[in-house]
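Asks: I would like the atomic coordinates for the input below:
(2 chains)
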Amino acid sequence: MNFMVEVEKMEMPAEAAAPPKMRASGVSVWYGDKRAIDDVSIDVGQEHVTAFIGPSGCGKSTFLRTLNRMNDTIPNARVTGRIELDGDDIYASNMDVVQLRARVGMVFQKPNPFPKSIFENVAYGPRIHGLASGRQELDAIVERSLKRAGLWEEVKDRLAESGTALSGGQQQRLCIARAIAVDPEVILMDEPCSALDPIATAKIEELIHELRGRYAIVIVTHNMQQAARVSQRTAFFHLGELIEYGETSQIFTNPRVERTKDYITGRYG
Amino acid sequence: MATTGHTLKAFDDDLNRLRASIAEMGGLAEAAIAAAMRALVERDGESARAVVAADKRIDLLETEIETLAVQIIALRAPMADDLREVVAALKIAGVVERIGDYAKNIAKRVPAIEESSNLKPLSLLPEMGRIVAEMVRTALDAFVARDSAKAVQVCERDRAVDDFYNSIFRTLLTFMMENPNNITPATHLLFVAKNLERVGDHATNIAEMVYFAASGEHLAERERGADPTRAGD
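Replies: This next block holds a predicted model:
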């Protein structure tokens, strides 16, 4: 069966004419001679949480990293095709990568707070991007970001303590606060809960739910239940190809492509 | 259709147990209809009582299936066609339990009809019973095989059952008008026919659930046969 044909036929869920926040067209990624991503086209909507699922090595994290040019830092990595943010080519020569990564923020698998105070962790971004004109404004940004990340109540009395002293779940929310602090438009999350316990995971998931709409969110997850819980759109990747992309409820109750079904029902491999 | 087994074999074992229980329950319900109709034709009160007693096993299986289905949902978190199948099993168990009740209901009328046996047996009734029992069997076979085409066959037969019912209804009405002494036995037979007609509808419902479980699509609402007794339905 030719899966690419099916992907082309797949109707994207009808968006009410809203242009996608990000659009990838015919994107391929090479690591040296090895093609890790093969001709992927996908739209990421502003209003949705989009989940990328697929087995290890399917390319979902690689593809996520193309969305804010994180692959630039990997030697030998090469990206072809076109990726747009609000219609602008993010791989264009005049694109400021630092600015791009402020607009398209990222949260990683393992919480990676700076070895600095909680306050400094959040204030760092706004300060280097010149988003605050004074201490007062910076305080306000830090408070607002920590509130949006659902961490404020837990840390407001100890902002001077080290970020690394927090629990794993709190550290991850601190990293989300740090991403939010520079007022991004898109937040990419690469398995943000895989190092967290179920309660901390539930808090992050609730946070994702609350942030939805304010930011376009793309999450890579190994946990299919998590994809089902937090996302409205799900994309299934396999061997570097986008196999199926659709409404999350459709993907999990009635996938159209056999390979998607085998994966989500636990018959893969 | 199930292509390969799950990576987690115990999940397949659970689903197989669920299918086996549904198949057993369906087999019992089908046998109950056949036995009830035989008892009716042969005016055999003893066999009729056996049908009533056997219904307990069907009720028990419904409870077992419910427990197993909830357990699978909680422990295995089924997705896609697996999820649709488990949900279908849960609903089908409830419907089959109803079918068992209809068979029991028919069996319970046997003594009443025995007493007023001046009415000649209706040849259409056993034939109608045979068809609806077969529909139940085919619908359950379709479930176990995840066969949507077979499910469609069941739905298509429901029209014939409705026709049988309408024909029997008119015949019995004629008997009643001919002789008021026929009213009591004819009414009992009418209820029997109505029970069989309901079994046909339930078999069709099962087939629709099977179709959804197997294909992920809902079967278009079928045309109903005209039913003179169901004017306001």
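Asks: what residues are up against B:Ile106?
Replies: B:33, B:36-37, B:40, B:51, B:192, B:195-196 (C-beta atoms under 8 Å, 6 or more residues apart in numbering or on different chains). Where C-beta positions appear, they are placed from N, C-alpha and C, glycine not excepted.
Asks: look through chain A and state the residue closest to chain B.
Replies: Per C-beta to the nearest C-beta, A:Asn254 is where chain A lies closest to chain B, at 3.5 Å.
Asks: right, and that residue touches B:Ala214 too?
Replies: No. Using C-beta atoms under 8 Å, A:Asn254 is not in contact with B:Ala214; the gap is 11.2 Å.
Asks: name the residue in those two with the higher neighbour count.
Replies: Each of A:Asn254 and B:Ala214 has its neighbours counted (other C-beta atoms under 10 Å in any protein chain shown); B:Ala214 has more, 22 against 18.
Asks: buried residues in the helix or strand containing the more buried one?
Replies: Assessed by DSSP states H and E, B:Ala214 sits inside helix B:183-215. Buried residues in helix B:183-215, counted by 16 or more other C-beta atoms under 10 Å in any protein chain shown: B:184-186, B:188-190, B:192-215.
Asks: what does chain B put close to chain A?
Replies: B:3-8, B:11, B:77-84, B:216-217 (C-beta under 8 Å from any C-beta of the partner chain).
Asks: circling back: so among the contacts of B:Ile106, where is pLDDT lowest?
Replies: When the contacts of B:Ile106 are compared by pLDDT, B:Leu40 scores lowest at 91.
Asks: tell me the secondary structure at it.
Replies: Assigned by DSSP: H, G, I helix; E, B strand; the rest coil, the conformation of B:Leu40 is helix.
Asks: cool, and A:Arg158?
Replies: Under three-state DSSP, A:Arg158 falls in the coil class.
Asks: and which of the contacts of B:Ile106 is nearest to chain A?
Replies: Proximity of these to chain A (C-beta to the nearest C-beta) peaks at B:Ile33, which lies at 33.5 Å.
Asks: on the three-state scheme, the closest one is what?
Replies: Under three-state DSSP, the three-state class of B:Ile33 is helix.
Asks: if I look at it, how far off is B:Tyr102?
Replies: To B:Tyr102, B:Ile33 is 8 Å away according to C-beta to C-beta, to the nearest Å.
Asks: skipping adjacent residues, who's closest to B:Ile168 in space?
Replies: Nearest non-adjacent residue to B:Ile168, counting by C-beta to C-beta, 6 or more residues apart in numbering or on different chains: B:Ala193, 4.4 Å away.
Asks: A:Pro111 too?
Replies: Nearest non-adjacent residue to A:Pro111 (C-beta to C-beta, 6+ apart): A:Gln171, at 3.5 Å.
Asks: for that neighbour, report the pLDDT, please.
Replies: 95.
Asks: residue contacts, it?
Replies: Contacts of A:Gln171 by C-beta under 8 Å, 6+ apart are A:111, A:113, A:163-164.
Asks: now those as JSON lines including distance to A:His129?
Replies: JSON lines is the format used below for the contacts of A:Gln171 (distance: C-beta to C-beta, whole Å):
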{"residue": "A:Pro111", "distance to A:His129": "22"}
{"residue": "A:Pro113", "distance to A:His129": "18"}
{"residue": "A:Gly163", "distance to A:His129": "19"}
{"residue": "A:Thr164", "distance to A:His129": "23"}
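Asks: ok, back up a step: residues contacting the residue of chain A closest to chain B?
Replies: A:Asn254 makes contacts with B:80, B:84, B:216-217, as judged by C-beta under 8 Å, 6+ apart.
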